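With the sequence up front, the predicted model follows.
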Amino acid sequence: MVPGGSGNGFARGLGLQIQPRLALKTALTGPIRLIDSGEIDRRLFVNVAGVGFDAHLAGVFNHLRTRGSWSYLFSGIRELLTYRSSSYTVSCDRQCFTMDAFLVTIANGPEYGLGAMIAPLARFDDGVLDVISVAPRTPASLLFQSRRLFSGTIHYLPEVRFVSGAAMEISADHPYSFT
């Protein structure tokens, strides 16, 4: 695989080279690796898929004229100030829970991109997907705690819930999008 995205969380999570020339060399001569995948509404994903704030922010970012980490950061802060959490029901293997959540992410790999580790314990080849939910908090609290994404310690926060499983479903009593 030769990374071509802006965040490159999938490539980084696999330990691949980010620089195109080195990545191409690895793609042509490196080992083949089998990984797990997930499916949502007949669409496959191999890294992360989410509902809530992460899906909302991805939608906003996709419509920006300017790309890059600064655009993403400024958009994230702006959207954080007005975003409202929603209620979701998550079924994961034999567990089921309903909660108000700022976001719910299904992760096959550890990283969103740009070093933001939403699921530091996730592995691409362990046969399970990880579900991470973040309870609603004030914008100031969420912004302050976002540093935990970059230190790989988000899973230690009491407002963050992790479950793992081979089969899961997210539902809500309102329309929602995922990314």
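Cool, got the structure.

Leaving out chain neighbours, which residue sits closest to Phe97?
Excluding the flanking residues, the one nearest Phe97 by CB to CB, 6 or more residues apart in numbering is Val90, at 5.8 Å. Just so you know, the C-beta spots here come from the backbone N, C-alpha and C atoms, and that holds for glycine as well.

In what element of secondary structure is that neighbour found?
Using DSSP states H and E, Val90 sits within strand 86-92.

got the CA positions of that strand in PDB?
Presented in PDB, the C-alpha positions along strand 86-92 are these (Å, rounded to 0.1, in the frame of the first residue of the first chain):
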ATOM      1  CA  SER A  86     -26.900  12.000  20.500                       C
ATOM      2  CA  SER A  87     -28.300   8.800  21.900                       C
ATOM      3  CA  TYR A  88     -27.100   5.500  20.300                       C
ATOM      4  CA  THR A  89     -27.700   1.800  21.000                       C
ATOM      5  CA  VAL A  90     -24.700  -0.400  20.500                       C
ATOM      6  CA  SER A  91     -24.900  -4.200  20.400                       C
ATOM      7  CA  CYS A  92     -21.600  -6.000  20.500                       C
END
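
residues near the closest residue to Ala58 other than its chain neighbours, how many?
Using CB to CB, 6+ apart and skipping the chain neighbours, the partner closest in space to Ala58 is Thr179 (4.0 Å). Thr179 is flanked by 18 other residues according to other CB atoms under 10 Å.

Thr179 contacts Gly52, doesn't it?
No. Assessed by CB atoms under 8 Å, Thr179 is found out of contact with Gly52, at 9.9 Å.

At which residues are the helices of this structure located?
Under the criterion DSSP state H, the chain contains helices at 9-13, 20-29, 53-62, 69-80, 139-145, 147-151.

Tell me which residue lies farthest from the centre of the protein.
Distance to the chain centre peaks in the chain at Thr29, reaching 29.4 Å (criterion: CA atoms, centre = their mean).

pLDDT at that one, what is it?
Note on Thr29: pLDDT of 87.

related to what we said a few turns ago, helices or strands next to the strand holding Val90 in the packing?
strand 48-52, strand 95-101, strand 129-134, strand 160-165, strand 168-171 (3 or more CB pairs under 8 Å, 6 or more residues apart in numbering; DSSP states H and E).

rank the ones you listed by pLDDT, which is bottom?
When I compare the helices and strands packed on strand 86-92, strand 168-171 is least confident, with a mean of 91.
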